[in-house]
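Visitor: Sharing a sequence plus its predicted fold:
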Amino acid sequence: MRSTAAQYWTLTKPRVVALIVFTALVGMFLAVPGLPPLKETVLGLLGIWLAAASAAAINHVLDQRIDAVMARTHDRPLPTGGLRTTQAVVFAITLGVASMAILVFLVNPLCAVLTFASLIGYAIVYTGWLKRATPQNIVIGGIAGAAPPALGWSAITGTLDPHALLLVLIIFVWTPPHFWALAIFRREDYARAMIPMLPVTHGVTYTRWQILLYTVLLVLATILPWATGMSGLFYLGGALVLGVVFLWYAWRLLDPPDEFFAMRTFQYSIVYLMALFAFLLLDHWLMPWLQAAPAMQLQAT
Ligand code: HEM
Ligand SMILES: CC(C)=CCC/C(C)=C/CC/C(C)=C/COP(=O)(O)OP(=O)(O)O
């Protein structure tokens with residue numbers, strides 16, 4: 001039996017939210033030359049983390065009947081009775097209110113509004129409506145999960161920058177291969193719960209082609225930070241290597257070597273996004289050094 005604290009922690013989907021917060025952090029670092037101001041960085045991350053955790057807890061509340069019939073999710077705190085619905089609702093509201101208080105009063109109103117829209121987008125629009133309504137659920141709902149780089153950026157600058165939207169676009173296009181690979185492996189779960197995920201409504205072969213299509217779009221989208229001058233060649237090299245590996249997974253998935261290959265593709269999607277954003281960050285730090293190096297060589301001669 002897990003402790004009550006561990007059950008609450010599970011409600012926040014800690015690993016998904018950790019990667020979400022990392023993408024927000026990268027948005028913050030890319031927003032300004034050098035280091036972003038400490039106060040906005042720390043409080044902005046705290047506010048975004050609390051909002052995402054609140055949204056995740058609401059997802060557990062609204063999905064508890066679905067979660068109870070799926071093998072992957074049946075042991076979550078609400079289906080098992082580890083926590084009562086009222087406990088989860090109070091927890092979600094507390095996190096949400098704390099997040100908004102921090103962002104409105106200590107960061108800036110734009111960041112607060114965008115973060116609130118993402119919270120509602122995931123917790124209510126995706127979970128409460130789209131997930132049950134259309135196989136395009138995760139494509140449209142993916143906007144909320146993709147928003148954090150823009151949330152981070154706006155926490156630092158108080159503006160919505162086109163470069164931040166490029167990072168949002170990358171995660172938006174990444175979401176379908178990320179999720180549909182898992183959904184192929186778990187399609188019987190979704191069929192049993194009567195959730196219209198793409199492999200259930202359109203079949204596995206169609207979903208595999210859609211994964212390949214979105215992976216091609218993803219690789220093209222990842223060229224844009226370099227093409228628009230936001231990132232340098234170090235980033236581009238990393239993005240292309242990661243992208244070629246993703247394309248290889250998506251291509252092999254059309255005729256997979258075993259039934260677990262879709263799951264391996266899903267796992268790679270997470271490594272991919274983590275590494276891609278790490279490349280953005282490293283490139284941002286390295287760029288001044290790389291640009292200064294030829295000038296220093298000239299001075300030496
Ligand atoms: C609508 C958009 C998305 C959908 C439908 C989706 C769906 C899923 C699902 C069903 C899982 C398996 C969770 C589990 O077994 O507990 C998962 C795992 C994961 N997702 Fe997503 N995801 C989305 C967006 C994102 C975003 C935006 C990120 C991060 C930027 C992300 C990061 C992760 C990570 C890190 C895991 C692994 C969690 C673990 O190992 O416990 N996902 N996703
Ligand atoms: C404020 C802000 C940044 C909000 C974003 C919040 C957030 C946690 C987004 C992650 C998306 C996600 C895990 C979707 C899976 O939901 P699912 O219900 O399809 O998956 P499940 O079956 O594992 O519950």
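Guide: Alright, I've got the coordinates. Ligands and ions are numbered 1, 2, ... in the order given.
Visitor: so what secondary structure elements neighbour the helix or strand of the chain with the lowest mean pLDDT?
Guide: Ranking every helix and strand in the chain by mean pLDDT, DSSP states H and E puts helix 261-300 at the bottom, with a mean of 88. When contacts are defined as 3 or more C-beta pairs under 8 Å, 6 or more residues apart in numbering; DSSP states H and E, helix 261-300 sits against helix 14-31, helix 162-185, helix 233-252. C-betas here are computed from N, CA, C, even on glycine.
Visitor: The helix or strand just after the shortest one vs helix 14-31, what angle?
Guide: Past helix 14-31, heading to the C-terminal end, the next element that is a helix or strand (DSSP states H and E) is helix 38-62. Compare the direction of helix 38-62 with that of helix 14-31 by axes from the mean of the first three to the mean of the last three C-alpha atoms, to 10 degrees and you get 150 degrees.
Visitor: does any part of the next helix or strand after helix 38-62 sit near ligand 2?
Guide: Downstream of helix 38-62, the first helix or strand assigned by DSSP H and E is helix 64-69. No. Helix 64-69 lies apart from ligand 2 when judged by C-beta under 6 Å from any ligand atom; the minimum separation is 6.6 Å.
Visitor: Up against ligand 1, what does the stretch 151-300 of the chain have?
Guide: Residues of the stretch 151-300 of the chain lying near ligand 1 (C-beta under 6 Å from any ligand atom): 171, 175, 178, 179, 182, 270, 273.
Visitor: how far away is the last one from residue 169?
Guide: Distance of residue 273 to residue 169, computed by C-beta to C-beta, to the nearest Å: 13 Å.
Visitor: Between those two, tell me which one has more neighbours.
Guide: residue 273 (21 against 18; other C-beta atoms under 10 Å).
Visitor: Surely that one touches residue 173?
Guide: No. Contact criterion C-beta atoms under 8 Å: residue 273 and residue 173 do not qualify, at 11.1 Å.
Visitor: Output the below-cut-off pLDDT ranges for this protein.
Guide: Within the chain, the stretches with pLDDT under 70 are 1, 293-296, 298, 300-301.
Visitor: Just want the residue of it that's nearest ligand 1.
Guide: Among the residues of the chain, residue 145 lies closest to ligand 1, at 3.0 Å counting by C-beta to the nearest ligand atom.
Visitor: neighbouring contacts of the helix or strand that contains that residue?
Guide: Here residue 145, judged by DSSP H and E, is contained in helix 137-146. If you take C-beta atoms under 8 Å, 6 or more residues apart in numbering as the criterion, helix 137-146 is touched by 20, 55, 117-119, 121-122, 125-127, 130-131, 134, 168-172, 174-176, 179-180, 196-197.
Visitor: hmm, try it at 7 Å
Guide: With C-beta atoms under 7 Å, 6 or more residues apart in numbering as the test, helix 137-146 has contacts from 20, 118, 121-122, 125-126, 130-131, 168, 171-172, 175-176, 179.
Visitor: Who wins on neighbours among these?
Guide: residue 20 (28 neighbours).
Visitor: So it is in contact with residue 151, correct?
Guide: No. Counting by C-beta atoms under 7 Å, residue 20 stays clear of residue 151, with 9.3 Å between them.
Visitor: Name the residues of the chain found near ligand 2, please.
Guide: Counting by C-beta under 6 Å from any ligand atom, the chain comes close to ligand 2 at 13, 16-17, 20, 51-52, 55-56, 59, 63, 73, 115, 118-119, 122, 127, 144-145, 147-148.
Visitor: For ChimeraX, write the select line for the buried members of these.
Guide: Of the residues of the chain next to ligand 2, the buried ones can be selected in ChimeraX as follows, counting by 16 or more other C-beta atoms under 10 Å:
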select :13,17,20,51,52,55,56,59,63,73,115,118,119,122,127,144,145,147,148
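Visitor: Report the spatially nearest residue to residue 67, omitting neighbours in sequence.
Guide: Once flanking residues are discounted, residue 67 sits nearest to residue 73: 3.9 Å by C-beta to C-beta, 6 or more residues apart in numbering.
Visitor: likewise residue 256?
Guide: Nearest residue to residue 256, sequence neighbours excluded (C-beta to C-beta, 6+ apart): residue 262, at 6.6 Å.
Visitor: what's around residue 192, how many residues?
Guide: Around residue 192 there are 13 other residues, counting by other C-beta under 10 Å.
Visitor: I appreciate the help and will end here.
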